[in-house]
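Peer 1: Structure for this input, please:
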Amino acid sequence: MIRICAVGAFAFGMVAGWSPEALADEKGEMEIRKDSLTKQLLDDIRQGKIEVEGDHAAVNELVIKRDIPIKYEYISILMRAPNAFGEGPACIVCHGSADPATSYRGLDLSTCQGIINGSTEPPVRKIITPGTNPKRDVLGRMLRNNRMPLGVKFNVPTDSPAIHLVKNWISNGAKNDDHFKKSVLPLFSKPNSFAPDTPACIECHMSNQEPPSFHELNLSTYEGIMLGADSVAKGVNNATKVIVPGNPEESGVFQHLVENRMPPGIDPSSERDHPNTQLLFRWVAQGAKCN
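Peer 2: Reported below is the predicted structural model:
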């Protein structure tokens, strides 16, 4: 089924004076290079390969799947536009320079080089790795991952005793010892452990089956925690690890407890894969080129 976006692209080709026949008969430059994107699109439409049902699908079909180069000029606009990735202020309102005295984390999202450099306030760290999928990099996590437990307020401190217990347990090797059983594991089973007026973690993550457990993550047992997420969908050997012994900063459980999704205060039900997020990620995967 072809929706408005794909039909609109077809109509644009007709208005511009292009037709399947005209493109097929085109001489010169067209003969020495790959078929134009327009011709590829028209061919796909005629063959019924395109099913577009809205703006999100259109971005995927027309840009992502065809690997159209994303220009930094567009990324620059996104960083300056409110509501670019979900309801909230423009990124550069809070991250407009490399000076930690005027910009949170000393993160400059107003320039291409600033994005590549990452935060300048200790602990200094990169937010992307050019040429790779940034989904699990700092930038990707901040745009996609909700802070847990779901519904925790943006301004709730991230240095509570309970969070410190989890952090120290991971730092010390994430062992299945008496300390874990008596002091750490029970935190995941009690409401309000990590923030006021929040449910227990195991209300959403209680087994390795989805449904009922989100991401097939089981936080009710040591074995379930160490197995990780999506063990059924991806296979046990490919499950997403949520604990990296000795490294809380790389552990998904700790990341979700302390990292707020951006823009600050965004509704946790907002789309995680906003079209602009997809385009930003593709720019990074294409090398995060500044020109």
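
Peer 1: what ranges do the helices span in the stretch 101-250 of the chain?
Peer 2: Per DSSP state H, counting those that start in this stretch, the stretch 101-250 of the chain carries helices over the ranges 112-117, 138-144, 161-171, 178-179, 222-227, 231-234.

Peer 1: low-confidence ranges in this protein?
Peer 2: Applying pLDDT under 70 to the chain flags residues 1-34, 51-55.

Peer 1: wait, isn't Val284 in contact with Ile128?
Peer 2: Yes - in this structure, Val284 is within contact of Ile128 by Cβ atoms under 8 Å, at 5.0 Å. Bear in mind the C-beta positions are built from the backbone N, C-alpha and C, glycine included.

Peer 1: Mutual contacts of the two, please.
Peer 2: Counting by Cβ atoms under 8 Å, 6 or more residues apart in numbering, the shared contacts of Val284 and Ile128 are Pro134, Asp137, Leu139.

Peer 1: so which of those residues would you say is closest to Ala81?
Peer 2: Proximity of the shared contacts of Val284 and Ile128 to Ala81 was ranked by Cβ to Cβ; the top entry is Leu139 with 16.5 Å.

Peer 1: check contacts around the closest residue to that closest one other than its chain neighbours.
Peer 2: Leaving aside its sequence neighbours, Leu139 sits nearest to Ile127 (Cβ to Cβ, 6 or more residues apart in numbering; 4.3 Å). Contact analysis of Ile127 by Cβ under 8 Å, 6+ apart lists Leu107, Ile115, Gly118, Ser119, Pro134, Asp137, Val138, Leu139, Met142.

Peer 1: Need the buried ones from those residues selected in PyMOL.
Peer 2: Only the buried entries of the contacts of Ile127 go into this PyMOL selection, using 16 or more other Cβ atoms under 10 Å:
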select buried, resi 107+115+118+119+134+137+138+139+142
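
Peer 1: Which residues are in contact with Gly265?
Peer 2: Here Gly265 is in contact with Gly88, Phe154 (criterion: Cβ under 8 Å, 6+ apart).

Peer 1: now Phe281
Peer 2: The contact partners of Phe281, by Cβ under 8 Å, 6+ apart, come to Asn133, Pro134, Lys135, Gly140.

Peer 1: So the last one sits against Lys126, correct?
Peer 2: No - between Gly140 and Lys126 there is no contact under Cβ under 8 Å: 11.9 Å.

Peer 1: neighbour count winner among these two?
Peer 2: Gly140 (18 against 14; other Cβ atoms under 10 Å).

Peer 1: The closest residue to the more buried one other than its chain neighbours and Gly228, how far apart?
Peer 2: In space, and not counting its chain neighbours, Gly140 is closest to Pro134: 4.2 Å by Cβ to Cβ, 6+ apart. In this view, Pro134 and Gly228 are 20 Å apart by Cβ to Cβ, to the nearest Å.

Peer 1: and if you look at Lys39?
Peer 2: From Lys39 to Gly228 the distance is 45 Å (Cβ to Cβ).

Peer 1: With neighbour numbers in mind, choose between the two.
Peer 2: Under the criterion of other Cβ under 10 Å, the comparison of Lys39 against Gly228 puts Gly228 first, with 22 against 18.

Peer 1: residues contacting that one?
Peer 2: Gly228 sits next to Leu217, Ala239, Thr240, Lys241, Val242, Ile243, Gly252 when contact means Cβ under 8 Å, 6+ apart.

Peer 1: Which one of those residues sits in the busiest neighbourhood?
Peer 2: Most neighbours among the contacts of Gly228, by other Cβ under 10 Å: Leu217, with 27 neighbours.

Peer 1: Could you double-check that that one sits in contact with Asn208?
Peer 2: Yes - the criterion here is Cβ under 8 Å, and Leu217 meets it with Asn208 at 7.3 Å.

Peer 1: any shared contact partners between the two?
Peer 2: By the contact definition Cβ under 8 Å, 6+ apart, Leu217 and Asn208 are jointly contacted by Gly224.

Peer 1: Going by distance to Leu62, which of the contacts of Phe281 wins?
Peer 2: Set against Leu62, the nearest of those by Cβ to Cβ is Asn133 (19.9 Å).
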